[in-house]
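*Asks:* coords below, sequence missing:
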C-alpha cells in the first residue's frame, strides 16, 4: 500500500487481450443472434454486445467484428435483426457462433424465422426480435459499433433467457 492509502497495481495485472477476454467473460449477459442478408446471401453471429440506446427514436447498439461474415452483409443490406434467445435456443446460439463449421445460410437451419419491416430475419420464438435499419456505424479497432434504428419489434412469450457467463451458456433461475 502506498503512503496515500492506495494499493499499487501489480505490473503483471496490466490488461492484455487475454486478461481482458477472461475478465469480460465474468460479465453475465443475455445471448442474442444478429441476422443479416437475404436469401442465400445471409449469415449471422452470436453476440452479447447489444444495448438499448434510446427510446426516441428507438435505437439499439450492436458491436460486430469486421472480420466476421456478417459485417459485409450489414454494410450491403443496411439492416439487421437482433434476436434475444430463450433458454431452449442453445443450439441456435451454437450454430450462429459457427461451431462445427456451420456457415452462412446453414446457420438458419432447425429454427423458424419470419421477417417484419426491413426483411431481416427474426427468430419466430425468440424472447424478443428487433428489426433494425442501420443508422450509423463507428469503427473502433477490430469492431464496428452499429447504431440501429428500430423499425419493428416481435415480442412472443419466449420463456426464460439464455445467458452467457464464463465461456459457457446458462439459464436464469428464479
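*Replies:* Yes, it's here. Because the structure is a prediction, the values reported are computed rather than measured.
*Asks:* Pretty sure residue 127 sits against residue 88.
*Replies:* No: using C-beta atoms under 8 Å, residue 127 makes no contact with residue 88, being 10.5 Å away. For glycine as for every other residue, the C-beta is placed from the backbone atoms N, C-alpha and C.
*Asks:* Show me whatever sits in contact with both of those two.
*Replies:* The contact sets of residue 127 and residue 88 overlap at residue 159 (C-beta atoms under 8 Å, 6 or more residues apart in numbering).
*Asks:* Have a look at these two and say which one is more surrounded.
*Replies:* More crowded of residue 127 and residue 88, by other C-beta atoms under 10 Å: residue 127, with 23 against 13.
*Asks:* which residue is nearest the centroid of the protein?
*Replies:* residue 47 (2.5 Å; C-alpha atoms, centre = their mean).
*Asks:* right, and it touches residue 62 too?
*Replies:* Yes: in this structure residue 47 lies within contact range of residue 62 using C-beta under 8 Å: 6.4 Å.
*Asks:* between those two, what contacts are shared?
*Replies:* residue 34.
*Asks:* where does this structure dip in pLDDT?
*Replies:* By pLDDT under 70, the low-scoring segments of the chain are 1-4, 7-13, 174.
*Asks:* What segments of it are strands?
*Replies:* Using DSSP state E, the strands of the chain run over 29-30, 32-38, 41-47, 50-55, 58-65, 79-84, 113-115, 121-123, 128-140, 143-154, 162-165, 168-171.
*Asks:* now the ones you listed as JSON lines including distance to residue 93?
*Replies:* Compiled in JSON lines, the strands of the chain are given as follows (distance: least, C-beta to C-beta, whole Å):
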{"stretch": "strand 29-30", "distance to residue 93": "11"}
{"stretch": "strand 32-38", "distance to residue 93": "7"}
{"stretch": "strand 41-47", "distance to residue 93": "5"}
{"stretch": "strand 50-55", "distance to residue 93": "13"}
{"stretch": "strand 58-65", "distance to residue 93": "15"}
{"stretch": "strand 79-84", "distance to residue 93": "10"}
{"stretch": "strand 113-115", "distance to residue 93": "15"}
{"stretch": "strand 121-123", "distance to residue 93": "11"}
{"stretch": "strand 128-140", "distance to residue 93": "15"}
{"stretch": "strand 143-154", "distance to residue 93": "18"}
{"stretch": "strand 162-165", "distance to residue 93": "6"}
{"stretch": "strand 168-171", "distance to residue 93": "6"}
